[in-house]
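A.B. asks: coords please:
(2 chains)
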Amino acid sequence: MAYTDLDNEVVKVDAVTFDYSNAASPVIDQLTLALKKSEITFLIGPSGSGKTTLLKLLAGLLEPGAGDITIQGVSLKRANSSERRATLRKVAMTFQRSGLFDSKTVLENLIFPLQELNRLSFEKALAEAEKVLDLVELKGHESKLPHEVSGGMQKRVGIGRALALSPEVVFYDDPTAGLDPITSKNIIELIIQIQKENKTTNLISTSDLDLAVNISRKIASKIAFLFEGKILQIGTADEILGSINPVIHQFTRGLLEGPLTKGAR
Amino acid sequence: MENSRKWVKSFGGMILLFLQCLSLTFKGKTRWKEVIEQIFQVGVRSLGMTITAGLFVGAIMALQIDIQLKDFGAESFLGGLSTSTTLRNVGPVLIAFLLSGKVGAYTSAELGTMEVTEQLNAIKLLGADPIEYIILPRIWAVVISSFLLLIVGLMVTIFGGVMFAEVIGVNALSYVENIPRIVTEWSIVLSVVKSFVFGVLIAVISCYKGYSARGGSVGVGAAVQSCAVTNLMFIILFDFLLSMTASVFQDLFGVGYL
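C.D. replies: Model prediction:
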C-alpha cells in the first residue's frame, strides 16, 4: 500500500459520501484517499464518475453528507469556522472552465486575490501579479479580457490566479479539457514545473488517460481510478494499465463492450 | 407539492439574501466604487428606455381618462385625475415592469452566468464571500438605479400627459393648473414609497434568481425566466398591498386624498 506514512499525508479523505438532492445514488460513495506531501496524484475516470465533485469537496466548496476530510491534520468537519477558513486558505483549485472573472482583464484576475484577500497595496499586488504572469508565461496578454485569449491561456490564467496566494495544496479540475495535445502537454509541464518550485501537493483530475499515464511514468506519480464515486484502484501507471478490474480494463483499452457501456446502447 | 416546496424555498432564500445584504451594509461592507460602476451598467443605460416609455404612459393615461371624462363633460379634471392615477398606480407599476425586464433580466443573467461558469465558486475558493463581493454591490446598484429611474419615469409621464393634452384639444395650462386640485403631497409620498419598494423587489429577486441558477445555459435561461415572472408577480402584489395600506391610512388618519 502506497500511503502508509501517516505524517506525510497532507490530505486525507475518510469514508466520504456525498449526494446532490435530486440524485438517485451518491455521487461520492464511502470514498477513502490520501495525498502525500509534495506529490502529484492523477485522478482519472469516465465522465460522471464524480471527479469534479470530489475536488469540490476537498476544496471545501461542498459539504460531505458523511465522513471527514482532513487537510494538514485539520478536520474540516470538526474545525471551527476560523480554523476551517485558515486551513482552506492553504488550498487552491482550478476549474474545468477556468472560472475567470470575465469582466476583469488577465492582470486584474491575478491582482484580485492579492489585493482583496491578502490586503496588499495596489503596487505590491501588481508586482506579485507580474511575477505570476511571468511564471505562467502570459506577459503581453495582461490587458486582455478572458474571452480575448485562447483556451490554453485561460487555463494558464486560472492556474496563475490559484497560485497567486501561494497555496500548499492545489486541485486541478481537468486542466487540459478541450485543449489540443500540445497545449495540454504544455499545461501539465507548467503544473509540474510549479510543483517542483513550490513543493505543492497536487491532485489533477483528467479524462485524458494517455496524458496521465505518460506524465505519471515520467515523474513517478500515482494514478487513482474513480468510478461511481469510489476509488477502484490507486497505483503506478503500469499498475493501472495492467489492472484486471473490468471497469479499469475497459477504460484503459477503450473497449466498446463492458461494464462502463452496459445499458448505454 | 413539489412546486409549493420550491416556491417556499425560493421565497425564504430571497428574504435571507435581503437580510444578509442589510447586515453587511450595516457592517460597512458595501463596496461603493463597485456600486457606482454597476449603476452605470444597469441604470444609466436604461435611461433612454425609461424616458421613452414614460412619455407614452403619460400620453396613454391622458387619452384614456379624457375619453371617459367627456361622457360627463368633466374634461377640466383631466390634469388632476390623469396625474393622480399615473403617480399612484399606473406609472410606478408600468415603469417597474419595464425595469424588471431590462435591469432584472440583465442582473439575473449576469449572476447566473457567473454561477454556472464557476466564477462565484472561484471567489469562495479565494476565501471571499460572493455575497459581499458580487451580490451586495449589485443589490444596491439596482435599488438606487431602479428608484432613480422610476422617479425620472414618473416625472416624464406627467410631462407626457401635459404634451398629449394639447394634442387632444385640452389646454396645457389648464391641465397643469388642475393637477394640485386632485394630486396631494400624499400621492407623491405613495409614489416615492412604491418606487423604492419596487426597486428593492427587482434588486433582491433578480440577484437571488441569478445567484441560485444551476445547470449550465439551461439553468441560466430558467433563472432569467423565473426572475421575470417573480418580479411581475411581486410588483403587482406589493402594488396592491401598498395601495391598501395607503387607503387604510387615509381612512384612519384622514391624511388627505391619496
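A.B. asks: helix/strand/coil for A:Thr32?
C.D. replies: Judged by DSSP: H, G, I helix; E, B strand; the rest coil, the three-state class of A:Thr32 is strand.
A.B. asks: I should have written B:Arg214 there, sorry.
C.D. replies: coil.
A.B. asks: Next up, phi/psi of it, please.
C.D. replies: Backbone geometry at B:Arg214, expressed as degrees, to the nearest 10, gives phi -140, psi 150.
A.B. asks: From the structure, what's the count of residues near it?
C.D. replies: 13 (other C-beta atoms under 10 Å in any protein chain shown). Placement of C-beta: from N, CA and C, glycine included.
A.B. asks: again with B:Ser108
C.D. replies: The burial count for B:Ser108: 29, using other C-beta under 10 Å.
A.B. asks: Next one, pLDDT for it please.
C.D. replies: Note for B:Ser108: predicted pLDDT of 94.
A.B. asks: ok, it - contacts?
C.D. replies: Shown in contact with B:Ser108 (C-beta atoms under 8 Å, 6 or more residues apart in numbering or on different chains): B:206-207, B:209-210, B:213, B:223-224, B:227.
A.B. asks: how about it, secondary structure?
C.D. replies: B:Ser108 ends up helix, using three-state DSSP.
A.B. asks: Pull up the gap between it and chain A, please.
C.D. replies: Look at B:Ser108 and chain A: by C-beta to the nearest C-beta, to the nearest Å, they are 16 Å apart.
A.B. asks: Considering only the contacts of B:Ser108, which also neighbour chain A?
C.D. replies: Contacts with chain A are made by none of these, judged by C-beta under 8 Å from any C-beta of the partner chain.
A.B. asks: Redo those residues as TSV? Include secondary structure and pLDDT.
C.D. replies: Formatted as TSV, these follow (DSSP: H, G, I helix; E, B strand; the rest coil; pLDDT from 0 to 100):
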residue	secondary structure	pLDDT
B:Ser206	helix	95
B:Cys207	helix	94
B:Lys209	helix	94
B:Gly210	helix	93
B:Ala213	coil	90
B:Ala223	helix	93
B:Val224	helix	94
B:Cys227	helix	95
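A.B. asks: which of those residues tops the neighbour count?
C.D. replies: Highest neighbour count within the contacts of B:Ser108, by other C-beta under 10 Å: B:Ser206, with 33 neighbours.
A.B. asks: Run a quick check on it versus B:Asn231, I expect a contact.
C.D. replies: Yes - counting by C-beta atoms under 8 Å, B:Asn231 is a contact partner of B:Ser206 at 7.0 Å.
A.B. asks: Give the residues shared as contacts by those two.
C.D. replies: Residues touching both B:Ser206 and B:Asn231 (C-beta under 8 Å, 6+ apart) are B:100, B:104.
A.B. asks: State the mean pLDDT of stretch A:258-265.
C.D. replies: 68.
A.B. asks: Write out the residues of the stretch 101-250 of chain A neighbouring chain B.
C.D. replies: Selection of the stretch 101-250 of chain A residues close to chain B by C-beta under 8 Å from any C-beta yields A:101-102, A:112-113, A:116-117, A:161, A:165.
A.B. asks: Please, a PyMOL command that selects the buried ones among those residues?
C.D. replies: This is how PyMOL selects the buried members of those, with burial counted by 16 or more other C-beta atoms under 10 Å in any protein chain shown:
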select buried, chain A and resi 101+112+113+116+117+161+165
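A.B. asks: about what we covered before: of the contacts of B:Ser108, just say which sits nearest to B:Ile236.
C.D. replies: Each of the contacts of B:Ser108 was scored against B:Ile236 by C-beta to C-beta, and B:Cys227 proved nearest at 15.2 Å.
A.B. asks: any idea how far that closest one lies from chain A?
C.D. replies: According to C-beta to the nearest C-beta, B:Cys227 and chain A sit 20 Å apart.
A.B. asks: Surely that residue is in contact with B:Tyr211?
C.D. replies: No - if you go by C-beta under 8 Å, B:Cys227 and B:Tyr211 don't touch, sitting 10.7 Å apart.
A.B. asks: how about the strands in the chain?
C.D. replies: All of this refers to chain A. For chain A, the strands defined by DSSP state E occupy A:9-18, A:28-36, A:40-44, A:66-71, A:74-75, A:91-94, A:169-173, A:201-206, A:222-227, A:230-235.
A.B. asks: show me the contacts for B:Pro137.
C.D. replies: Residues in contact with B:Pro137 (C-beta under 8 Å, 6+ apart) are B:30-31, B:34-35, B:37-38.
A.B. asks: One more: B:Thr85?
C.D. replies: Applying C-beta under 8 Å, 6+ apart, the residues contacting B:Thr85 are B:61, B:65.
A.B. asks: what's downstream of the host helix or strand of it, the next helix or strand?
C.D. replies: Using DSSP states H and E, B:Thr85 maps to helix B:78-85. Sequence-wise, the next helix or strand downstream of helix B:78-85 (DSSP H and E) is helix B:91-99.
A.B. asks: That following helix versus helix B:78-85: what angle between them?
C.D. replies: With axes from the mean of the first three to the mean of the last three C-alpha atoms, to 10 degrees applied, the angle from helix B:91-99 to helix B:78-85 works out at 60 degrees.
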